[in-house]
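can you look at this prediction? I've put the sequence above it.
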Amino acid sequence: MAVLNFISKLLFHSACESRRSSATKLARLVSLGLMVVLTLPLRSAPAPSPASEYEVKAAFLYNFVKFVEWPPKVFPEKETPYIIGILGDDDPFFDPNALVNYLDVAVKDKKINDRKLVIRRAGRISNLKDSHLVFIAKSERNYLKEITAVCQTNNILTVSEMDGFCSQGGVINFFTQAGKVRFEINPTAAEQSNLRVSSKLLNVAKIISPPQ
Amino acid sequence: MWSLRKIPIQSKLTFVFLLTTTTALLLACAALFTYERTIFNQALRDSLSTLAKIVGENSTAAIEFDNAEEAAAILGALRAETQVVAASIYKRDGQPFAEYSRPGSNQTLPKSPEGGGFMEEGDHLGFFSPIANPKTQERIGFIYLRADFRGIRESLKTYGSIVSIVLLISILVTFLISLRFVRFLSDPILALANAAKIVSAEKDYSVRAVKKSEDELGAFTDTFNQMLVQIQAQDAALRQSNEELEKRVRERTLELQKLQRQNELILNSAGEGIYGLDMAGCITFANPAAAKTIGWKIEELVGKMEHCALSHSNAEGVAYDEARCPICISFREGETQHSVDEVFRRKDGSTFHAEFVRTPIVENGKQLGAVVLFKDITERKEAEEALASQTRELARSNADLEQFAYVASHDLQEPLRMVSNYTQLLARRYKDKLDSDAHDFISFAVDGAIRMQGLINDLLMYSRVGTQGKKFVEVDTSSLLGQAIINVRGAIEEAQAIVTNDDLPTVVADSGQLIQLFQNLIGNAIKFRGSESPRIHIAARREEEHWLFSVHDNGIGIDPQYAERIFIIFQRLHGHSEYAGTGIGLSICKKIIDRHGGRIWVESRVGQGANFFFTIPVREEQH
């Protein structure tokens, strides 16, 4: 897809430079035709998503908001936005800023239940207490207990990508299966945070029951 | 429809019944069928759109979290919906995401969402609907559902079979009903038609159609029968009048034959020559007398031109040229001609005088020819000529006689006067010398001389009527009568006679002679008076072409056997001793009236007075 975009842009720019309106139209038509021609075989045989793992995860984070209900008290005002927090530091496999960028793109101009979405990044959970959803990076592995406790108190939906996150009190945990991003949910943890998770979401997730 | 005209009325009616019923049923079934189909269709659409909504909503998470397995599972639940044969979910970018196909059905699903809403695809109904997350109202993908029409088809097929069976049964029942009902209509019509056929074929007007119903057809049957009654009556009347006509024609023919024979008889036996002409002047028939008179045979005459056969000549015997022959010309002008003096030519060339009448034959204002009737008048002509010469002779001798009588009476007066005068002189001068006998003789002689003088005067007067008459002028007879009365006043006074008269007319006559006439008649009445004083009345009245005058008296009358004699000269009925007079008076009257072209006579009986009549023709004054 990137190649395609590159070609079309190239054609577009060269046309712009050489001639004006009619040439522009022609270039657009040509690029459009190329797009169609090049897209057809891609559609008939779908390849693994070329989108990056965090781009997908950013979309999923936004989607989780749609399938979860928070208690009313977390929206003091009618227009209080949903706040998605990113908690954690850089590490060789994770760039929080990249995720923030993806999220910004994903939630731009979007509204859920007439509320805007706001992305916020912090290094400490105390700075994200007014968030509704917090993505916890792997770097916070050692502070999970404290983080989940804060989140449970503040009715924050916790999402992470660590093995065993759900069994340690997390609500949603990403994992990769056959090259695809999947997630598991711990409904009990959601209940403890006083969150209601849609059955539809449960249907597409792997359910984790906490140890008795 | 053309063939419908030829089939019998019964079948036609049945056909109409069936057609009507079938059409109504078909229309009703079609309406029901369409309605059912629409209802089925709508129900299918409703259920499809509901399903799409539910399935779409259920699959929102699966789509948004890119879980194709879950989406396929959700679609797999559609197994419970028997109508749905296939389903598919597409992602927002249009790429297929999950598919479902009913096991056993080989379905090819669209590669991408095309259009929207319902699409009829042969046996199937497809439905595309976008999927949106209810919380964001954001379109996240599409769902496509495909339902099978077969369910509907099956239902409609069953429905159709039921309708067909009902239709068939209805048509059958209608047919059976119409078979019975049509007879109510067609039987009277057929009966009528049959009756009409018999009437037309056999001219038998005594046939009557049987009335089978009380409706319009019944009324029509009655009318038809009435019509037949009238026709029958008219037919009978016509036959009768025909027979009468034939009888009359026969009678008339007989009459005509009789008339023909009579005509032939008349023609053959007529003394006059008769022949017919056509417009060309050709002789068409001739009778034996005609042929005999002009010396031709009948067969020769017929077909000959009249002018050639008779060659008309004028009175001098000069033959006319045909073009100028007045007879031929006027014949063509269509006038009836009558000629008493024509010259005809016989076959041998000799001529004869003929009288002929030529009458045109005109029919409907057009002249067809003429009939000519002629007579050889040679003998009559000779007789007429003989008579004319005798009359001339007689008139001459009459004139001689009158002249002689006048001269004689005039010349006789002179010697008679001498005898009378000298005899009277003798008596006067020798009165004393002669004895009584001599006196008697002389008085006899004088008496005779005076009487003779009277005779001569009367004779003179008589002859003057013929020889010395005046011109006829208009005269008032009443003033003439007045003059006559003055002239005989002495005699009237002596006899104490009363003369009266009515209004008298003005006539054209010789006034002097009329005065003489009245004088004579009045004098006559006074002379022959009876014991009473005479009363004389003169009257006149118009009778056709003359005035009739009457002079009536109350005298002694005349024996009717002498009524003619009294007008003859010198005829007397009485001796001189009884009534004086010469016996010429009434003769003069007769002569005057003769001269005026009238007539005089007397009607009387002895002792009952006399009534003298005379007539004077009405004529114009001659100048």
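Sure thing, it's come through.

what's the nearest residue to B:Asn554 if we skip its chain neighbours?
The shortest distance from B:Asn554 to any non-neighbouring residue, by CB to CB, 6 or more residues apart in numbering or on different chains, is to B:Gly609 (4.4 Å). No exception for glycine: its C-beta is placed from N, CA and C like everyone else's.

got phi/psi on that neighbour?
Taking degrees, to the nearest 10, you get phi 80, psi 170 for the backbone angles of B:Gly609.

residue contacts, it?
Counting by CB atoms under 8 Å, 6 or more residues apart in numbering or on different chains, B:Gly609 makes contact with B:Gly530, B:His552, B:Asp553, B:Asn554, B:Gly555, B:Gly557.

pretty sure the second one contacts B:Pro534?
So the one you mean is B:His552. No. Assessed by CB atoms under 8 Å, B:His552 is found out of contact with B:Pro534, at 10.9 Å.

neighbour count: these two, which is higher?
Per other CB atoms under 10 Å in any protein chain shown, whichever of B:His552 and B:Pro534 has more neighbours is B:Pro534, with 22 against 19.

of the contacts of B:Gly609, buried ones?
B:His552, B:Asp553, B:Asn554, B:Gly555, B:Gly557 (16 or more other CB atoms under 10 Å in any protein chain shown).

chain A against chain B: which residues are in contact?
Counting by CB under 8 Å from any CB of the partner chain, chain A comes close to chain B at A:43-44, A:46, A:49, A:56, A:59-60, A:63, A:66-67, A:110-113, A:180-183, A:198, A:200-201, A:203-205.

6 Å instead?
By CB under 6 Å from any CB of the partner chain, the residues of chain A that approach chain B are A:Arg43, A:Asn63, A:Lys66, A:Phe67, A:Ile112, A:Asn113, A:Lys200, A:Leu201, A:Asn203, A:Val204.

now do the contacts for the third one.
With contacts defined as CB atoms under 6 Å, 6 or more residues apart in numbering or on different chains, the neighbours of A:Lys66 are A:Ile112, B:Asn133, B:Lys135.

tell me what the second one is bridged to.
Here B:Asn133 sits in beta bridges with B:Glu138, as judged by DSSP bridges.

pop out the phi and psi values for B:Pro140.
Heads up, residue B:140 is Ile, not Pro. Main-chain torsions, B:Ile140, degrees, to the nearest 10: phi -120, psi -10.

middle-most residue in the chain, spatially?
Just going to use chain A. For chain A, the residue nearest the mean C-alpha position is A:Ala58 (1.8 Å; CA atoms, centre = their mean).

not quite, I wanted chain B
B:Asn364 (12.2 Å).

please report how far that residue lies from B:Ser420.
According to CB to CB, to the nearest Å, B:Asn364 and B:Ser420 sit 86 Å apart.

one more: B:Tyr205?
Between B:Tyr205 and B:Ser420 the computed distance is 117 Å (CB to CB).

let's see which of the buried ones among the contacts of B:Gly609 end up in strands.
Mapping the buried ones among the contacts of B:Gly609 onto strands (DSSP state E) picks out B:His552.

how about the buried ones among the contacts of B:Gly609 in TSV, adding pLDDT and distance to B:Tyr430?
What follows is these, written out as TSV (pLDDT from 0 to 100; distance: CB to CB, whole Å):
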residue	pLDDT	distance to B:Tyr430
B:His552	92	52
B:Asp553	90	47
B:Asn554	90	49
B:Gly555	87	44
B:Gly557	86	48
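
taking the buried ones among the contacts of B:Gly609, tell me the two that lie furthest apart.
Largest separation among the buried ones among the contacts of B:Gly609 by CB to CB: B:His552 and B:Gly557, giving 11.3 Å.

wait, what's in contact with B:Ser420?
B:Ser420 makes contact with B:Ala449 under the criterion CB under 6 Å, 6+ apart.

tell me which element whichever residue of chain A sits closest to chain B falls in.
Closest to chain B within chain A is A:Lys200: 3.7 Å, counting by CB to the nearest CB. According to DSSP states H and E, A:Lys200 maps onto helix A:199-203.

again, but for B:Leu277
Element membership for B:Leu277, per DSSP H and E: strand B:273-278.

can I get the CA coordinates of the following helix or strand past that strand in CSV?
Following strand B:273-278 in sequence order, the next helix or strand is strand B:283-286 (DSSP H and E). C-alpha atoms of strand B:283-286 as CSV (Å, rounded to 0.1, in the frame of the first residue of the first chain):
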residue,chain,number,x,y,z
ILE,B,283,-103.9,5.4,-93.5
THR,B,284,-104.2,3.0,-90.6
PHE,B,285,-107.6,1.5,-91.3
ALA,B,286,-110.5,2.1,-93.7
